[in-house]
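Trainee: Need a 3D model of the following:
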Amino acid sequence: MHKRHFHFLRKLRIALVMCLGALFAGIAGFMLIEGYDFTEAFYTTIIILSTVGLGVVHQLSDAGRWFVSGLIVISIGIFAYGISMLTTYIMEGELQRYLKYRKVLKMIDKLNNHVIVCGYGRNGKQACEQLRSHNQQFVVIENGEKAIAELREQEEFLFIEGDATRDEILLESGIKKAKALIATLPNDAANVFVVLTARELQPNLKIISRASEDSSEGKLKRAGANNVIMPDKIGGTHMATLVTRPDVLEFIDHITGKINIRLEEIHCSKLAEQYKGKTIRELEIRNKTGANIIGYKTGAGEYIINPEPDTVMNPEAKLFVLGTREQVTKLMAVLS
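Mentor: Modelled structure (predicted):
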C-alpha cells in the first residue's frame, strides 16, 4: 500500500512540476516575445493552459503564435497525463484501498496489548488462527502480493502492507502498545532484523521468532527474542514420536487440536482476593468447575507437573488448567 500510494504521489508531483514549468515558461515567453508585463503574461498563460478559450490581451506576432501553439500542445499533454493517472488510480481501486488502509491505521491506533504477527506464510497463518480462537487482538505485517490478497479476503483481520524490518511499519502496527510480536518470516536474517528493530522500539515486548537453521537460534536470542521456535525440527521430532509413541502423541494432538478442549494458563496475581494465598486443595477447582490443574510455574520459573494439593497460590506463580471450553470459562468466572 505504501509503495503504490507513494508511486501515485510521485506521479502527482511530476504532474504539478510540469504544470508549474509550463506556467513559468509561458510567462517568460510572453514577456520576452511579446513584451507583456508580468500581469498580462500570467493572465494569458493561465487562459491558454486552462483552455478556457478567452482571447489574448494583445494581437500576437508570428513568433507569438508559434509559441502559443506549442504551449497549447504542452497543456493538452499535461492534462491528458493527469487525467490518465487519476483515472488509473481510481479505476484500479487504489483510492478505495488507500482509504481503507487509513481506516485500518485508525483501528490499530486504538488497540492495546495486542500481538503483532510478521509474515502471513504457513506459520503466520497458524499463529493468526490460534490468536483468533483465543479472542486475542492482533495485527499482521506482510508485503507479499499473494499473501496480501489472502489477507484482504479475511475482512476481520487487521494488516499492514510493508516491510516488518522498517521502524515506521512497526510503529504503524502499534508496537509501542503491543504485548508480543511473532516473527514468522521464512528468512532467518530477516527475522533477526525484525527482532533487533522490535526490541529497540519496545524493550518490554515479548518476542517469539521462528528459525530454520540451528545457528540462527543463538543469533535471534542475542538480538532480543524471548523464544525461538524451529518448525522443521519440531516437525521431525513429531513424526519420529508418531513411530515410537504414537498413542501418546495422538492424545496430545487431540487435546491441543480439538476445538472444545482448552489448555489455559492463569496468573495467580489475577485471582480474586479470597483465593490469593490459598492452596490448590482450598480452591476446589475440580469440584466447582470440572477443570483440572495439570501444571504450576513458580515465580523462579520452575515448572511442576501435577502440583501437590498443598501448593500455595503465590502472586508471581501461574496455573495450567485443562478442561472443556465450558469448564475453563466457568473457572475464569469463579476465580476472577
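Trainee: Need the three-state assignment for residue 241.
Mentor: Following DSSP: H, G, I helix; E, B strand; the rest coil, we place residue 241 in the helix state.
Trainee: can you pull out the strands in the protein?
Mentor: Remark: strands assigned in the chain by DSSP state E are 115-118, 138-142, 158-161, 180-183, 206-210, 227-229, 261-267, 292-297, 303-305, 318-324.
Trainee: Now residue 311. Nearest residue, chain neighbours left out?
Mentor: Counting by C-beta to C-beta, 6 or more residues apart in numbering, residue 311 lies nearest to residue 280, which is 5.0 Å off, once chain neighbours are set aside. Using the backbone N, CA and C atoms, a C-beta is placed for each residue, glycine as well.
Trainee: Kindly report the same for residue 28.
Mentor: Excluding its sequence neighbours, the residue lying closest to residue 28 (C-beta to C-beta, 6+ apart) is residue 41, at 7.7 Å.
Trainee: With residue 298 instead?
Mentor: In space, and not counting its chain neighbours, residue 298 is closest to residue 317: 5.6 Å by C-beta to C-beta, 6+ apart.
Trainee: Straight-line length of stretch 252-267, end to end?
Mentor: This stretch, stretch 252-267, spans 23 Å end to end (C-alpha to C-alpha, to the nearest Å).
Trainee: residue ranges with poor pLDDT in the stretch 201-336 of the chain?
Mentor: 238, 249, 253-260 (pLDDT under 70).
Trainee: Go again with 90.
Mentor: Along the stretch 201-336 of the chain, the model assigns pLDDT under 90 to residues 212-215, 217, 229-278, 280, 282-289, 291, 299-301, 313-315, 321-336.
Trainee: I'd like the average pLDDT over the longest helix along the chain.
Mentor: Counting residues, the longest helix found in the chain (DSSP state H) is helix 62-91. For helix 62-91, mean pLDDT rounds to 75.
Trainee: What about residue 70, how many residues nearby?
Mentor: 13 (other C-beta atoms under 10 Å).
Trainee: actually residue 84, not the one I typed
Mentor: 11.
Trainee: got it, and residue 303?
Mentor: 11.
Trainee: That one: what's it in contact with?
Mentor: Contact partners of residue 303, counting by C-beta atoms under 8 Å, 6 or more residues apart in numbering, are 295, 296, 297.
Trainee: Pull up the gap between it and residue 119, please.
Mentor: Distance of residue 303 to residue 119, computed by C-beta to C-beta, to the nearest Å: 30 Å.
Trainee: and what of residue 104?
Mentor: Per C-beta to C-beta, residue 104 is found 18 Å from residue 119.
Trainee: higher neighbour count, these two?
Mentor: residue 119 (26 against 18).
Trainee: what's near enough to touch that one?
Mentor: Counting by C-beta under 8 Å, 6+ apart, residue 119 touches 141, 142, 147, 164, 183, 184, 185, 186.
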